[in-house]
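> Quick check, what structure comes out for this input:
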Amino acid sequence: MGVSRDNCHKRCMAGGKRNPVHKKRKYELGRPPANTTVSQGTTGINAARRVANAIPSTRSGSMSSDVLQQIQRYLKGQLA
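Numbers count the residues shown, from 1 in each chain. Predicted coordinates for the structure are as follows:
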């Protein structure tokens, strides 16, 4: 019998027993934490994408130099 992270083993608020809705699922397993960390490496790339998507393009499919300058100014303000 494995460790699970579900609440179907508990009783309901009125004190009655709950009926099982479905069988045990893989995502309900009791696993140890993954201990992941949030990286700082992709913030500039994501910020540049947000700026590039927010600025309307003047040409079809290519970025003009003023758009690139706006992105660079935005990134300097974000990373400083």
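
> And the helices in this structure?
Ranges of helices in the chain, per DSSP state H, are 43-54, 65-79.

> low-scoring stretches of the chain, by residue?
Scanning the chain for pLDDT under 70 picks out 1, 39-48, 51-64, 78-80.

> Just give me the neighbour total for the residue nearest to residue 24 when sequence neighbours are not counted.
Among residues not flanking residue 24 along the chain, residue 4 sits closest, at 6.1 Å (CB to CB, 6 or more residues apart in numbering). Where C-beta positions appear, they are placed from N, C-alpha and C, glycine not excepted. Residue 4 has 13 neighbours, counted by other CB atoms under 10 Å.

> For residue 32, see how far away residue 21 is.
26 Å (CB to CB, to the nearest Å).

> oh, I was asking about residue 49
Residue 49 sits 34 Å away from residue 32, going by CB to CB.

> So for those two, which residue has more residues nearby?
Shown here are residue 49 and residue 32; by other CB under 10 Å, residue 49 has more neighbours (12 against 5).

> tell me the contacts of that one?
For residue 49, the contact set (CB atoms under 8 Å, 6 or more residues apart in numbering) is empty.

> Make 789 the starting number, not 1.
In the new numbering, first residue 789, that becomes residue 837.

> Quick check: it vs residue 863, distance?
Counting by CB to CB, the gap from residue 837 to residue 863 is 11 Å.
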